[in-house]
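Participant: fold the stuff below for me.
(chains A and B)
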Protein chains: 2
Amino acid sequence: MPGSPQTPSPSAAYVPTDRTVPTRAAEKASYDRDLVHAILDEGYVCHLGFVRDGAPVVLPTLYGRVGERLYVHGSTGSRPLRMTGAADPGLPVCLTVTHVDGLVLARSAFHHSINYRSVVVHGTAHEVTDPEERRVALDALVDHVVPGRSADSRPANKKELAATAVIRLDLDEVSAKVRTGGANDEPEDLGLPHWAGVVPLRKGYDAPVANADLAPGIALPGYLGTL
Amino acid sequence: MPGSPQTPSPSAAYVPTDRTVPTRAAEKASYDRDLVHAILDEGYVCHLGFVRDGAPVVLPTLYGRVGERLYVHGSTGSRPLRMTGAADPGLPVCLTVTHVDGLVLARSAFHHSINYRSVVVHGTAHEVTDPEERRVALDALVDHVVPGRSADSRPANKKELAATAVIRLDLDEVSAKVRTGGANDEPEDLGLPHWAGVVPLRKGYDAPVANADLAPGIALPGYLGTL
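Facilitator: Okay, the predicted model is just below:
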């Protein structure tokens, strides 16, 4: 996706902050912009955290990216979106996207792990009210699920737009974390009689299932073949 | 997994609370214990939310289940685990597990969705200090990744145990949410020329990759064939 007009020439990396420097496994952390974008663009669902009555709430939700902005949408009646609109200075959130790439089996129980790629975004979410930005955000949310799909569906009408709240979270305080490779056992364990290695996970798609009420003569769109 | 001794005859459903009754799409919510357990047991990573300096933090982490208890572990130096130990009354958390099962393409942009199964657990996490409960929890964490694996690896030694914090979250304030089926378009949109239906997602495994330093003569364990 192209960068947004607001960030014409972003630097190649996000600036680390106290919140985005991990207390451990710092060697797995990255602030590389392209890596962060790639991890975000591959996910379908983020986990959005916010604070309600002093306690954390973590909800899975769809999202879309336009340059350095993430968008989340939902019913105007849903809790986080109501809270964003109500809170004038915005709603503090943490948005996390994780891919599990493999199961890491070590000789020692302690060194079992998973291979993964994750992005954690800290920031303040603001409700989007500008009609043009809302339109761009809603298209991005649909195209995030299936690239190109927003152009092949009926756009939201007035009633639907009125029922939909859109919130924006800028990519500013961001980090990625990546684990790859095999098991890292202690040298003295290498001779133990336990298998060690990685079971890679793979995201697969089954054949598309047409709606039962699909009108006759409508072919499967070509863009589904590229998933 | 068997129920823990503490909950010999749990009822078939969790009791809904203000936090676990959604403000919308309530028909997708469920409090069925078996459904909750099945969703939890199928996941590899949960998203654990807690509050730090008044702001939400959401981190991906491994987990394990023993009856009505969830366990998370980590370095004694990591932030949430330090906070749990420091806070005498425990750390308020929200633990969420989500599976994406399909992409739902509707004729209208508004009705695009995903098929998913999620579990959200609200509660207070407590550090586990009892050695026997810690052992059971650590085995559950390894067996959650690959069932049966904890019996085929070297258990944690004293040094490793000292470096590992375990926290427990009881399954009490819990809900599941499930979306299945095709696109739910408005009646007046059914004749639009856009394909509608579901692209199912499938979790797949590639062939296990043995560690480069695996000692000769160690065969691939049989339990990997049942993943």
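
Participant: tally of neighbours for the closest residue to A:P92 other than its chain neighbours?
Facilitator: With sequence-adjacent residues excluded and distances taken as CB to CB, 6 or more residues apart in numbering or on different chains, A:P92 is closest to B:A55, at 4.5 Å. All C-beta atoms are positioned from the backbone trio N, CA, C, and that covers glycine. Per other CB atoms under 10 Å in any protein chain shown, the neighbour tally for B:A55 reads 17.

Participant: so B:A55 makes contact with A:H122?
Facilitator: Yes - the pair B:A55 / A:H122 is scored as a contact, 6.9 Å apart, by CB atoms under 8 Å.

Participant: quick check: neighbours shared by these two?
Facilitator: Shared contacts of B:A55 and A:H122, defined by CB atoms under 8 Å, 6 or more residues apart in numbering or on different chains, comprise A:19, A:94.

Participant: is any part of the longest helix along chain A close to chain B?
Facilitator: Taking DSSP state H as the criterion, chain A has its longest helix at helix A:131-145. Yes - Helix A:131-145 comes into contact with chain B (CB under 8 Å from any CB of the partner chain), by way of A:138-139, A:141-142, A:145.

Participant: pull the distance from that helix to the chain's centre.
Facilitator: Centre-to-centre, helix A:131-145 and its host chain are 15 Å apart (CA atoms, centre = their mean, to the nearest Å).

Participant: show me what that helix is in contact with.
Facilitator: With CB under 8 Å, 6+ apart as the criterion, helix A:131-145 contacts A:1, A:41, A:44, A:62-66, A:71, A:73, A:128, A:149-150, A:153, A:155-156, A:161, A:164, A:166, A:168, B:103, B:105, B:109, B:112, B:114.

Participant: where does chain A have low pLDDT?
Facilitator: A:1-9, A:85-88 (pLDDT under 70).

Participant: in it, which spans are strands?
Facilitator: Ranges of strands in chain A, per DSSP state E, are A:29-30, A:46-52, A:55-61, A:64-66, A:69-75, A:91-105, A:113-127, A:164-170, A:173-179, A:197-205, A:209-210.

Participant: with respect to burial, which of these scores highest?
Facilitator: Comparing the strands of chain A by mean neighbour count (mean count of other CB atoms under 10 Å in any protein chain shown), strand A:46-52 comes out on top with a mean of 25.

Participant: for that one, name the packing helices and strands.
Facilitator: Under the contact criterion of 3 or more CB pairs under 8 Å, 6 or more residues apart in numbering or on different chains; DSSP states H and E, strand A:46-52 touches strand A:55-61, strand A:69-75, helix A:79-86, strand A:91-105, strand B:46-52, strand B:55-61, strand B:91-105.

Participant: the first one pairs with which strands, and in what direction?
Facilitator: Spelled out, it's strand A:55-61. Using DSSP bridges, strand A:55-61 pairs in its sheet with strand A:46-52 (antiparallel).

Participant: mind checking how far the strand it pairs with is from the chain centre?
Facilitator: With CA atoms, centre = their mean as the basis, strand A:46-52 stands 13 Å off its chain's centre.

Participant: who touches that strand?
Facilitator: With contact meaning CB under 8 Å, 6+ apart, strand A:46-52 is reached by A:56-63, A:70, A:72, A:79-80, A:83, A:91-98, A:125, B:47, B:49, B:51, B:54-58, B:60, B:94, B:96, B:98.

Participant: and the most far-flung residue of chain A relative to its centre, how far from A:R107?
Facilitator: Relative to the centre of chain A, and counting by CA atoms, centre = their mean, the farthest-placed residue is A:G191 at 40.3 Å. For A:G191, the distance to A:R107 equals 9 Å [CB to CB, to the nearest Å].

Participant: quick one, which of the helices and strands packed on strand A:46-52 gets closest to B:L214.
Facilitator: Minimum separation from B:L214 across the helices and strands packed on strand A:46-52 (CB to CB) falls at strand A:91-105, 10.5 Å.

Participant: adjacent strands (with direction) for the closest one?
Facilitator: Strand A:91-105 is paired, per DSSP bridges, with strand A:46-52 (antiparallel), strand A:113-127 (antiparallel), strand A:197-205 (antiparallel).

Participant: and those: which comes nearest A:R19?
Facilitator: Of all the strands paired with strand A:91-105, it is strand A:113-127 that lies closest to A:R19, at 5.0 Å by CB to CB.

Participant: next, the angle from that closest one to helix A:79-86.
Facilitator: Orientation check (axes from the mean of the first three to the mean of the last three CA atoms, to 10 degrees): strand A:113-127 against helix A:79-86 gives 40 degrees.

Participant: got the angle for strand A:113-127 vs strand A:173-179?
Facilitator: 160 degrees.

Participant: I'd like the helices and strands packed on strand A:46-52 as JSON lines, with distance to B:I218 appended.
Facilitator: Shown next, in JSON lines, are the helices and strands packed on strand A:46-52 (distance: least, CB to CB, whole Å):
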{"stretch": "strand A:55-61", "distance to B:I218": "39"}
{"stretch": "strand A:69-75", "distance to B:I218": "45"}
{"stretch": "helix A:79-86", "distance to B:I218": "49"}
{"stretch": "strand A:91-105", "distance to B:I218": "11"}
{"stretch": "strand B:46-52", "distance to B:I218": "31"}
{"stretch": "strand B:55-61", "distance to B:I218": "29"}
{"stretch": "strand B:91-105", "distance to B:I218": "33"}
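
Participant: closest to B:L35 out of these?
Facilitator: Nearest of those to B:L35, taken as CB to CB: strand B:91-105 at 12.1 Å.

Participant: for stretch A:24-36, measure first residue to last.
Facilitator: Using CA to CA, to the nearest Å, the end-to-end distance of stretch A:24-36 comes out at 20 Å.
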